[in-house]
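Peer 1: A predicted structure for the sequence below; I have some questions about it.
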Amino acid sequence: MKSLVQTIIVLLVAVAILFYVNTQLNESSSSASSDTITVFNWGEYIDPELVDRFEQETGIRVIYETFDSNEAMLTKIQQGGTRYDVAMPSEYMIEKMKEEELLIPIDQSKLPNLQNIDPYFLDLPFDPGNQYSIPYFWGTVGIAFNPTLLDGQTFESWNDLWSPELKQEVILVDGAREVMGMGLNTLGYSLNSTDETELRAATDRLKEMGPNVKAIIGDEIVETMRRGEAAIALVWSGQAADIMYVNEDIDYSVPEEGSNLWFDNMIIPKTAGNVEGAHKFINFMLDAEVAAQNADYVGYSTPNSAAIELMDPEVTGDTRFYPTEEMRERLEVYQNLGPEKLGLYNELFLEFKMSMNQN
């Protein structure tokens, strides 16, 4: 009997110790979570000084990770292995994430700096009322080119890229929507076409440009153009701005047939472990001074009206990067095409890339 009582006492003590240790671990985890946020963003898409400043002002440590495509970002958040608190996807991906219930609603009462955003960029079709996303940057897809390497040639039309004189002169960004969109634009079709006949025609049209294509690459496009190793590139507007900052010979145009108007927004994924900290970070990035510094560093167009007032008028008045509302009328926003049609875009883009080996 005495032995049984001792055994029970030992078990109770062990349970008490385990309970204490578990409580301490939970408290430690909760404390760490409230003192840290994990931000998931595109590469080179924020001024590092601003991350340091946020940490100093709030005491919240920022763990910063990057992705190179919306699809890669989505996969990581779907997997749920990392508790991302803030991410910066594009508009069509925000639609998809809403459908998959991967987003936490934004509490706008915690974002007093939201008043700095130009109303044009709010309440857009991909997120009515900005329930789940807040504007970060916006821009276009167009052609960066070096007239000094092209005898002064300019590019008002996408079709100019098919000129026989441009053999091995063109670099394309490695993006299915961007390249397929260019093919669709040349034929007068929508960037969001799901018509298989139109998509086939666009693919065949792209193959005709094959001899002119020097490479299909990612972020390396910027350095390649800066060094004058290529004369023409299909790029996002911010990439063009980066190139032009170093090489003043470079110009940028959005062809007359139209192109993509894109928006990258800040969201709070379902994986968030520090929702309060996420709101603080988003509100910090909406501050006029912060947004102006960030736009100067990144080179993309800011939707922050208060920030624009603090920036160089030569920059914000450049319609190549801040197109007027009238100019935006001929631009299209990417829509979420669904997995089946997006898969078709990827397949046809791969078919085009494979055809390059035969040229």
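Peer 2: Arrived safely, thanks for sending.

Peer 1: Can you check the distance spanned by stretch 148-160, start to finish?
Peer 2: 17 Å (C-alpha to C-alpha, to the nearest Å).

Peer 1: And stretch 143-159, by the same measure?
Peer 2: Stretch 143-159: ends 11 Å apart by C-alpha to C-alpha.

Peer 1: quick one: what helix or strand has the nearest residue to residue 348 once chain neighbours are set aside in it?
Peer 2: Of all residues not flanking residue 348 in the chain, residue 203 sits nearest, at 4.5 Å (C-beta to C-beta, 6 or more residues apart in numbering). C-beta: built from backbone N, CA, C; applies to glycine. Using DSSP states H and E, residue 203 sits in helix 196-208.

Peer 1: Can you identify the element that follows that helix toward the C-terminus?
Peer 2: strand 213-217.

Peer 1: That next one packs against which elements?
Peer 2: Judged by 3 or more C-beta pairs under 8 Å, 6 or more residues apart in numbering; DSSP states H and E, the packing partners of strand 213-217 are strand 170-173, helix 338-356.

Peer 1: If you count neighbours, what's buried in that strand?
Peer 2: Buried residues in strand 213-217, counted by 16 or more other C-beta atoms under 10 Å: 213-217.

Peer 1: Also stretch 295-302?
Peer 2: For stretch 295-302, using 16+ other C-beta under 10 Å, the buried residues are 295, 298-302.

Peer 1: Make a markdown table from those and add secondary structure, distance to residue 164 and pLDDT to it.
Peer 2: Shown next, in a markdown table, are those (DSSP: H, G, I helix; E, B strand; the rest coil; distance: C-beta to C-beta, whole Å; pLDDT from 0 to 100):
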| residue | secondary structure | distance to residue 164 | pLDDT |
| --- | --- | --- | --- |
| 295 | helix | 39 | 97 |
| 298 | helix | 37 | 93 |
| 299 | coil | 33 | 90 |
| 300 | coil | 34 | 94 |
| 301 | strand | 35 | 97 |
| 302 | coil | 40 | 98 |
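
Peer 1: Now do the helices for the protein: every range, in order, please.
Peer 2: Read by DSSP state H, the chain holds these helices, from start to end of the chain: 2-34, 48-58, 70-79, 91-99, 176-186, 196-208, 220-226, 237-246, 275-286, 288-298, 305-308, 313-316, 325-328, 338-356.

Peer 1: contact partners of the fourth one?
Peer 2: The set of residues that contact helix 91-99 without belonging to it, under C-beta atoms under 8 Å, 6 or more residues apart in numbering, is 70-71, 73-74, 77, 89, 103, 124, 126-127, 132-133, 262-265, 267, 269, 333-337.

Peer 1: Give the buried residues for that helix.
Peer 2: For helix 91-99, a neighbour-count test (16+ other C-beta under 10 Å) marks 91-98 as buried.

Peer 1: Could you do the last one as well?
Peer 2: Neighbour counts using 16+ other C-beta under 10 Å place 341-342, 344-345, 348-349, 352-353, 356 of helix 338-356 among the buried residues.

Peer 1: got it, and the third one?
Peer 2: Neighbour counts over helix 70-79 (16+ other C-beta under 10 Å) mark 70, 73-74, 76-77 as buried.

Peer 1: For this structure, give the strand that spans the most residues.
Peer 2: strand 134-145 (DSSP state E).

Peer 1: Please work out the average pLDDT along that one.
Peer 2: Across strand 134-145, pLDDT averages out at 97.

Peer 1: One more: stretch 193-208?
Peer 2: The average pLDDT within stretch 193-208 is 98.

Peer 1: Name the residues of that stretch that come out as buried.
Peer 2: 193, 198-199, 201-203, 205-207.
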